[in-house]
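Chemist: Have a look at this fold, sequence not included:
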């Protein structure tokens, strides 16, 4: 990470597979896999030879199986002490968990899952297209929980694409910037507020100043990122697609994470190609973090207790017939809640935002 003499920019860092984050965020990864056509089992209709099946993160041929054996994705695994926010911009995820909830979502849908005292879930990537590629683009973001809420009841919530506000700004040249607000009202937008975060989330606390926004800028577009609402907030801007971007007068000619001061507006000027950005901001929780794999607590003793509890209880068990459930070949979006309530939505035909 490099520091900057620019008084608005605190530091910049090149983007790798896993992006650096700041309190209260723990983890951020951008998955962008161009899968081949699917087979009858909803896996890739391609040879898996040369892949480390079960641990395939190499990106061979532009896609990964991750921990999947036949279908890409992440079979059943536990979490405790934090939340996952999964933003699927293109493609589909099949979710199943130890609460009994299941879902198929994508095309701009968001899943917000409070692990709290413990949950087991699977995230599988079914390849429904039998002809042509199956692109999957998503963010998974881990948001910490304060000590007072780490043992909260697990909570499953869907933000369907139709519920997520998108604000379009047009500059003096007619170029547009679209801001999609998953969490946190955009100051000055005077529009629809994002859906409410789960009740025990740090984002539900009035002092948290949490924002999770994606930003699409047309070529040459000018847009001003407004200052945060209060003092003490931290903010990172991730420039992950495009040919160049000016941030507060500093030109970026490569993709980077930029930590910004939050007490001032930041002028963004895009280059010659469409740009894609992610903004994460929030007040720090400012507590000790002890992390081991899927568990995030405040002390090592609590981590050891998490392992012991999982070994004893399996966080409620696993009600599904296998470790990597997929939800059929029908192209549908749906969610079945832990209480059995179910909802069906029409299939989105477009990605969340245009991609070049």
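Modeler: Looks like it arrived, so ask away. Quantities reported herein were computed from a predicted structural model and do not represent experimental measurements.
Chemist: Name the secondary structure element that contains the nearest residue to residue 256 once chain neighbours are set aside.
Modeler: Nearest-residue entry for residue 256: residue 12, 5.0 Å, with adjacent residues in sequence omitted and distances by C-beta to C-beta, 6 or more residues apart in numbering. Every residue, glycine included, has its C-beta placed from N, CA and C. Per DSSP states H and E, residue 12 falls inside strand 9-14.
Chemist: can you give me the offset of that strand from its chain's centre?
Modeler: Averaging C-alpha positions (C-alpha atoms, centre = their mean, to the nearest Å) puts strand 9-14 21 Å from its chain's average.
Chemist: hey, where'd the helices end up in the protein?
Modeler: Taking DSSP state H, the helices of the chain run over residues 300-313.
Chemist: For the residue nearest to residue 256, the count of nearby residues, please.
Modeler: Look at residue 12: counted by other C-beta atoms under 10 Å, it has 21 neighbours.
Chemist: Check what pLDDT it gets.
Modeler: pLDDT for residue 12: 96.
Chemist: And for residue 197?
Modeler: pLDDT, residue 197: 98.
Chemist: which residue sits closest to it in space, ignoring its chain neighbours?
Modeler: Spatially, and ignoring its direct neighbours in sequence, residue 197 is nearest to residue 203 (3.8 Å; C-beta to C-beta, 6+ apart).
Chemist: before we move on, back to that, there's contact between the residue nearest to residue 256 and residue 257 in this structure, I believe.
Modeler: Yes - Residue 12 is in contact with residue 257 according to C-beta atoms under 8 Å; the separation is 6.9 Å.
Chemist: And the strands in the stretch 201-350 of the chain, which stretches?
Modeler: Assigned by DSSP state E, counting those that start in this stretch, the strands in the stretch 201-350 of the chain fall at 211-217, 222-225, 234-241, 245-247, 250-252, 256-260, 266-270, 275-282, 290-292, 295-297, 333-336, 342-345.
Chemist: Out of those strands, the one nearest residue 124 is which?
Modeler: With C-beta to C-beta as the criterion, residue 124 lies closest to strand 333-336 of the strands of the stretch 201-350 of the chain, at 14.7 Å.
Chemist: Good, we can wrap up now.
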